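> need a structure here:
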Amino acid sequence: MHDFHVFRQQQFEKCLIQTKTFPCRWAPDAGLGYGEPVFNFYGQFPYWIGEIFRLTSMSILDSVKANFILTILASSIAMYFLARKLWSNTGALVSALFYAYAPYRAVDVWVRGALNESLAFVFFPLILLFIKEFIVSNKNIYLFWLILSLAGLTLTHNLSLLIFAPFAIIWTLFWWWQNNRSIHKIYDLTSAGLASVLLSAFYLLPVLFESSLVTLNQTTSGYYDFHLHYATLKQLFLSTFWGFGGSTWGPNDTMSFAVGQIHWIMAIVLVVLVLIKKGKRVILFLISLGFFATFLTHGKSDFIWNFIKPMAYIQFPWRFLTMSTLFLSLACGAVAKFMPKIILSVLLCLLLLLNTGMFRPDIWRDITDEQQFSGKLWDEQRSSALSDFWPKSAKLPNKFAPTKPEIILQTDLYQKIRYPIVYFPGWTARSNNQILSVFPSGDLGLVTVRAPINSEIKLIFEDTAVRRIGNIVSLLTLALLVFWKIRYAR
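Next up is the predicted model:
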């Protein structure tokens, strides 16, 4: 796979053990060994799950594999429960299988290795389910689970939240319009959204107020300019190409951007059936959302991308295949209302026949954690994604960090020691319970400490005021949420 989750899982665990802090914010071996504040900005939730697997004595490699497997199984179950509220049990099974075996799901897992985005597929149907059920039943228990699901998505993949939010709002307005249209329900759902933001404050506040200190803005330029990554109609609807490469400029990409031929064909069949037999409007609504999401992957939607500036952070327009997969899969379950079970069986067999070949690895490496985190492989991981979270105050390094600090100035009374750690707000030093002066020095902006001669120095990466406020807000919100659940949300 293309992503770095095995390394990041290892770094997350190292952060927990070495710094004994939660939530983790620093990846000590990233950035060519100089460290980077990866977890201050990147979604942590998948690595929390990974640590649960680690508690069962799984290797780091196996825990990441188990995490990927969980994203497929759990998302299918979540889709089943959502679809069951719209269609029959049989229709729910159809939607769940269409959701699991969509081509983009295989791209996320076996090509991109996008663990966070793959886990986001679990939260999409759950959030839609809890919104709908609250509007229909007005039970607070659905608000409680909605808050947790929204926070889970936020802590998993903020780009998926950005992609999903407009569709969730449209979904909310649709069901609100179909029911008693009480303005109080809009207030309640808005409050739930705000509560999820407060619950995620320990992560969101640093992202909002400290991302300007690192090179995150570079992830919208060069290769990551969205203008370079639109999909073509052939790639979306007709191509059966499958590759383990990447997204490139023009139509010569070496990975698939297919909506899924059986997905879009069944959607069109459903439109015809609904118009002929006057089926539920919700079917047309879901298909419209699915095809609109598909439109956003194509160059003809460029005017929307240019008008809504924050969309640049999505980087790749084909990421909207997440929404296409979500709504077309949900809609496809409606075929159970129009077709006999024998036809449905043939349909599902066709789905598996066409798509299961995508769900396989390109290369299988039978290696251990020891091999993964040593030698050339270890160097490759430490040097990967160097410019994603590197502090702006420092130049990018071109070689690995030394293993020991160096004394750059020494007098009879004090010394200046430069550590092979890039400086970022939060680094503090103590000696005999006294706080020492810490500042960046050199082209690489390395952590430098001014300390008395022969003193024992302890370096600690602590929370800044913004991070502490976020931690406190999240803890208070969690406590209030638990109290509200016990007292009111039943």
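> count the neighbours of the residue lying closest to residue 33 once chain neighbours are set aside for me.
Spatial nearest neighbour of residue 33, excluding adjacent residues (C-beta to C-beta, 6 or more residues apart in numbering): residue 401 at 3.5 Å. Where C-beta positions appear, they are placed from N, C-alpha and C, glycine not excepted. The tally of other residues near residue 401 (other C-beta atoms under 10 Å) stands at 19.
> residue 472 versus residue 401, what's the distance?
Using C-beta to C-beta, to the nearest Å, residue 401 is found at 34 Å from residue 472.
> for residue 454, which residues are in contact?
Neighbour list for residue 454: empty [criterion: C-beta atoms under 8 Å, 6 or more residues apart in numbering].
> can you pull the phi/psi pair for it?
phi 60, psi 20 (degrees, to the nearest 10).
> where does it land on pLDDT?
pLDDT for residue 454: 84.
> and what of residue 218?
Residue 218 carries a pLDDT score of 65 in this model.
> how about the one 3 residues further on?
At residue 221, the pLDDT value in this model is 76.
> my read is the residue nearest to residue 33 is in a helix, agree?
No: Residue 401: not assigned to a helix; according to DSSP: H, G, I helix; E, B strand; the rest coil it is coil.
> quick check, it in contact with residue 420.
Yes: at 3.9 Å, residue 401 counts as touching residue 420 under the criterion of C-beta atoms under 8 Å.
> can you pull the domain assignment for the protein?
5-358, 406-424+427-461 (automatic domain parsing).
> pick the most deeply packed of those.
Highest mean neighbour count among those (mean count of other C-beta atoms under 10 Å): domain 5-358, with a mean of 19.
> would you mind measuring the gap between the ends of that domain?
Domain 5-358 has its terminal residues 21 Å apart, counting by C-alpha to C-alpha, to the nearest Å.
> next one: that domain to chain centre, how far?
8 Å (C-alpha atoms, centre = their mean, to the nearest Å).
> how about the domains of the chain, which one is nearest residue 368?
Closest to residue 368 of these, according to C-beta to C-beta: domain 5-358, at 6.9 Å.
> which stretches of the stretch 251-400 of the chain form helices?
Remark: helices assigned in the stretch 251-400 of the chain by DSSP state H, counting those that start in this stretch are 261-277, 281-295, 302-307, 321-332, 341-355, 369-372, 375-382.
> now do the second one and helix 321-332, the angle between them.
Meaning helix 281-295. 160 degrees (axes from the mean of the first three to the mean of the last three C-alpha atoms, to 10 degrees).
> helices and strands around helix 281-295, which ones?
When contacts are defined as 3 or more C-beta pairs under 8 Å, 6 or more residues apart in numbering; DSSP states H and E, helix 281-295 sits against helix 158-178, helix 261-277, helix 321-332.
> with the fourth one instead?
If you count contacts as 3+ C-beta pairs under 8 Å, 6+ apart, helix 321-332 packs onto helix 60-84, helix 89-100, helix 103-106, helix 115-137, helix 158-178, helix 261-277, helix 281-295.
> switch the cut-off to 7 Å
helix 60-84, helix 89-100, helix 103-106, helix 158-178, helix 261-277, helix 281-295 (3 or more C-beta pairs under 7 Å, 6 or more residues apart in numbering; DSSP states H and E).
> before we move on, what about the fifth one?
Using 3+ C-beta pairs under 7 Å, 6+ apart as the contact criterion, the secondary-structure elements in contact with helix 341-355 are helix 89-100, helix 261-277.
> what's the answer for the first one, then?
Packing partners of helix 261-277 (3+ C-beta pairs under 7 Å, 6+ apart): helix 281-295, helix 321-332, helix 341-355.
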